[in-house]
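K.L.:
sharing a model prediction with you, sequence too.
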Number of protein chains: 2
Amino acid sequence: VRLLGRTLAEGIHLAQAAIAANAGIEALLLRRGAQSAEIERVVATIRGVPAYELAPHLFNRLSPVQTSVGLMLELAVPSTEMPPRIAEDLIYLDGIQDPGNAGALLRTAAAAGVRLALAAPATTALWSPRVVRAAQGAHFAMKLLEGLAPDQAIERFAGRWIATCAHDAESLWASPLPASAVGWVLGAEGQGVSRAMLERCQQRICIPLAEAESLNVAAAAAVCLFERRRRLDPPQ
Amino acid sequence: VRLLGRTLAEGIHLAQAAIAANAGIEALLLRRGAQSAEIERVVATIRGVPAYELAPHLFNRLSPVQTSVGLMLELAVPSTEMPPRIAEDLIYLDGIQDPGNAGALLRTAAAAGVRLALAAPATTALWSPRVVRAAQGAHFAMKLLEGLAPDQAIERFAGRWIATCAHDAESLWASPLPASAVGWVLGAEGQGVSRAMLERCQQRICIPLAEAESLNVAAAAAVCLFERRRRLDPPQ
């Protein structure tokens, strides 16, 4: 299922987040037979959009999760323009393939106070229903800019690019982080950061791991982004 | 599909990890028609166990991932006894339901150097093929003890229990961590740490988040376990 300029937000929490954020709700989709007090509360809150009751097999085919409560919102994907100059912390998704990983990354970034995510052309579509679902509302708190090659990402950023690497890099804990903005470059599962982006980064860091182990890209991002947050907001 | 005392390890990386760890490999399962140099290398390494070629529809029904390379190992689940006294850092999975989350947690724990995971009875089965797949080899580096109620977990642990909470707790960054072992209690998605366990914890910590955002339990664990690792291994 491919939706042009539209996405689906599945579940009560996401629906509430979309309503609270005044996201562009275009339609309400209900699975025939689904009922609960929570669904009714969401339905009562939404006004002026068409509501469709779908046969279970059709609803389930559209749903990004296997066992849905039976509620989805159709949302318009907001159009986001590249700001002329970026001077805030951001993440650059450098080819991340898995929608669950991409969604987890966005959720973690939003929780760490990062409000801008850029994505390389090879990255999974950030507004797909599965990414929206895994991000649990981060889409409504962040600006997402997709399809940006390294050069396009770099030219307007007034900060330091830092590549997260599995090796050949200095320890995150021993690395100074700038007072200016950080652009965290997060590489694809397996391959890591692309050569094109790695060459443009001013700094390379790694997370010191136990021997022979590896870290999922979303977990690595959690460690880096919250280490950044810790340093910006030290214990009182 | 339920396997008594057995699990499945899907994919090249997991197979290599199982071979390297000398895990109890009982059989080799191949999807009919699957071939690659990597599969051949794995097959050539494994000796003395039966190999089965399965029809694609059967292989896919057994596989924990939708698009498998076509290789799985059947493994014997090791029997693990509760040590009489535990004095090392551990995680306690307090009812985590999602196999992907549980696997991500184990992978992150192993990468942070934590070698012991306990699980409450309500937790998803840690040796299920989906958890094994998400953990990417952590099962071979860790001891896992399942079905432990809070009292059973607590009685043999000679360290401090720390509950990770969403609120009503002190900041992780401002919290002293003990020189002795830490038992990190990680709560279920949604509900958080159970009341029974919360009452037994000597300390409650939270990760300071951006307003209105939330963190997935696996991401929260990454932040806590690597903050612990950072403090034990400060920058030189």
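P.N.:
Looks like it came in fine.
K.L.:
drop to CA atoms for contacts and neighbour counts, all remaining ones
P.N.:
OK.
K.L.:
quickly list what A:Tyr52 is bridged to.
P.N.:
A:Leu29 (DSSP bridges).
K.L.:
list the contacts of the residue nearest to the spatial centre of chain A.
P.N.:
Note on chain A: the residue nearest the mean C-alpha position is A:Leu106, at 2.5 Å, using Cα atoms, centre = their mean. Contact partners of A:Leu106, counting by Cα atoms under 8 Å, 6 or more residues apart in numbering or on different chains, are A:117, A:135, A:138-139.
K.L.:
of the residues you listed, list those near chain B.
P.N.:
The subset of the contacts of A:Leu106 within reach of chain B, by Cα under 8 Å from any Cα of the partner chain, is A:Ala138.
K.L.:
so can I have a markdown table of the contacts of A:Leu106 showing secondary structure and pLDDT?
P.N.:
Below are the contacts of A:Leu106 laid out as a markdown table (DSSP: H, G, I helix; E, B strand; the rest coil; pLDDT from 0 to 100):
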| residue | secondary structure | pLDDT |
| --- | --- | --- |
| A:Ala117 | strand | 97 |
| A:Ala135 | helix | 96 |
| A:Ala138 | helix | 97 |
| A:His139 | helix | 97 |
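K.L.:
now, among the contacts of A:Leu106, which is nearest to chain B?
P.N.:
Closest approach to chain B among those (Cα to the nearest Cα): A:Ala138, at 7.6 Å.
K.L.:
quick check: closest non-adjacent residue to that closest one.
P.N.:
Excluding the flanking residues, the one nearest A:Ala138 by Cα to Cα, 6 or more residues apart in numbering or on different chains is A:Arg107, at 5.1 Å.
K.L.:
pretty sure A:Gln97 is in a helix, no?
P.N.:
No: secondary structure of A:Gln97 (DSSP: H, G, I helix; E, B strand; the rest coil): coil, not part of a helix.
K.L.:
A:Met82: neighbour count?
P.N.:
A:Met82: 16 surrounding residues under other Cα atoms under 10 Å in any protein chain shown.
K.L.:
is it in a helix, a strand, or coil?
P.N.:
coil.
K.L.:
quick check: pLDDT value at it.
P.N.:
Residue-level confidence at A:Met82 comes out at 84, pLDDT.
K.L.:
residue contacts, it?
P.N.:
A:Met82 makes contact with A:Leu145, according to Cα under 8 Å, 6+ apart.
K.L.:
need phi/psi at it.
P.N.:
Recorded main-chain torsions at A:Met82 are phi -70, psi 120, according to degrees, to the nearest 10.
K.L.:
swap in A:Ala87?
P.N.:
Residue torsions, per degrees, to the nearest 10, at A:Ala87 are phi -130, psi 30.
K.L.:
could you pull up phi and psi at the residue located most distally from the centre of chain A?
P.N.:
Relative to the centre of chain A, the most outlying C-alpha is that of A:Gly33, 32.0 Å out, by Cα atoms, centre = their mean. Main-chain torsions, A:Gly33, degrees, to the nearest 10: phi 100, psi -20.
K.L.:
now it: how far from chain B?
P.N.:
25 Å (Cα to the nearest Cα, to the nearest Å).
K.L.:
neighbours of the residue nearest to A:Ala138, how many?
P.N.:
29.
K.L.:
are we agreed that it is in a strand?
P.N.:
No: when three-state DSSP is applied, A:Arg107 is found to be helix, with no strand at that position.
K.L.:
residues touching it, list them.
P.N.:
Applying Cα under 8 Å, 6+ apart, the residues near A:Arg107 are A:134-138, B:213-216.
K.L.:
near chain B, which residues of chain A?
P.N.:
A:104, A:107-108, A:110-113, A:138, A:173-174, A:209-211, A:213-216, A:218-220, A:222-223, A:226, A:230, A:234-236.
K.L.:
next step: those residues restricted to helices.
P.N.:
A:104, A:107-108, A:110-111, A:138, A:218-220, A:222-223, A:226, A:230 (DSSP state H).
K.L.:
reformat these as a markdown table; add distance to B:Lys143.
P.N.:
Below are these laid out as a markdown table (distance: Cα to Cα, whole Å):
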| residue | distance to B:Lys143 |
| --- | --- |
| A:Ala104 | 27 |
| A:Arg107 | 30 |
| A:Thr108 | 28 |
| A:Ala110 | 34 |
| A:Ala111 | 31 |
| A:Ala138 | 35 |
| A:Ala218 | 24 |
| A:Ala219 | 21 |
| A:Ala220 | 23 |
| A:Ala222 | 25 |
| A:Val223 | 24 |
| A:Phe226 | 28 |
| A:Arg230 | 31 |
